[in-house]
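Q: sharing a sequence plus its predicted fold:
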Amino acid sequence: MKPKLIYQKLYTAFGPQHWWPGETPFEVMVGAILTQNTNWQNVEIAIKNLKKAGALTPDKLYKINHKKLAALIRPAGYFNIKAKRLKNFLEFLHGAYNNNIKRMASCDVKLLRGQLLSVNGIGPETADSILLYALNKPVFVVDAYTRRIFLRHKLIKKDFTYDQVREFFMDSLPREKKLFNEFHALIVKLGKDFCLKRKPRCEICPLG
DNA sequence: GACCAGGCACATC
DNA sequence: GATGTGCATGGT
C-alpha cells in the first residue's frame, strides 16, 4: 500500500484531526518540547499551569527562573531536563529572532531546521513538529508511531535513520503542509487507538 | 505494581 | 557507528 492511499484510508476513517492542539504558535513550540516521550494529557496540565501563571509568552518564559519553570511543568515529566531544554530554546528565540515569531516564520525552512537542531534539547522530531505545526512549513514529522506502523506495513526498514524515514515520505507525497499536518496527526490517532504494543487491534484497524 | 507515553543527549565500547 | 542509560509524571 502506498503512503497516499494509507493517508486516504486514515482520513476516511478518522476525519480531520485539527492539529496542533494549541492556541498560538508559541504554545505549539512549547508543547513540542514538553511532549517528548510523554503522554499529551500530561503536557496539557503543564501548559495549563503555564497559562495560569501568565508565563506562556516568549518574553515571560525567557525571564522565569529554572526552579519556577520546572515546578510549573512538573506534570509533563522529566521536568528538570525539559526546563533546561525550554530555556535553551528561549535563549535561541531571543537571540536569533528577538522573540519575534512572525519574523522567524518568514525564514527559509532549511535554515530554520538547522537552527532548531543546533539547540540542545531539540532533536529532529521536535524540530519538524515546530516547523510544521507552529511555522506552517511543509515538512513530514516522524515519530515512534510512524516507525512502528510503517515498519509493520513493510514500507520502511528497521534500521532507517530519522532522516531516511522522513525523506521516504516527503519523496512519495505531494509536499503540501496541509497533507503533512493531517497525515502525522492521523498516524498518531491510529497509533494510539489501534497499535498499542500490548494490545494491538490490527483486525479492526482501518488499514487492515 | 508494571507498563507505557507525540525524544534527546551523553557515555561507553 | 552502534548500543545502553538517565530523565519522571500520570493514566491504564
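A: In hand now; what should we look at?
Q: which other helices and strands does the helix or strand containing residue A:82 contact?
A: Residue A:82 belongs to helix A:79-97 when assigned by DSSP states H and E. Where contact means 3 or more Cβ pairs under 8 Å, 6 or more residues apart in numbering; DSSP states H and E, helix A:79-97 is packed against helix A:25-34, helix A:58-63, helix A:66-72, helix A:101-105, helix A:109-117. All C-beta atoms are positioned from the backbone trio N, CA, C, and that covers glycine.
Q: residues in contact with it?
A: Outside helix A:79-97, the residues that touch it by Cβ atoms under 8 Å, 6 or more residues apart in numbering are A:29-30, A:33-34, A:36, A:58, A:61-62, A:66, A:69-71, A:73, A:76, A:99, A:101, A:103-104, A:115-116, A:118-122.
Q: quick check: closest non-adjacent residue to residue A:208.
A: Excluding the flanking residues, the one nearest residue A:208 by Cβ to Cβ, 6 or more residues apart in numbering is residue A:202, at 7.6 Å.
Q: follow-up on the earlier one: can you tell if the helix holding residue A:82 touches DNA strand C?
A: Yes: against DNA strand C, helix A:79-97 shows contacts by Cβ under 7 Å from any atom of the strand at A:79-82.
Q: then stretch A:41-50?
A: Yes: applying Cβ under 7 Å from any atom of the strand, one finds stretch A:41-50 touching DNA strand C at A:41-42, A:45.
Q: spell out which parts of chain A neighbour DNA strand C.
A: Counting by Cβ under 7 Å from any atom of the strand, the residues of chain A that sit close to DNA strand C are A:37-39, A:41-42, A:45, A:74-75, A:77-82, A:159.
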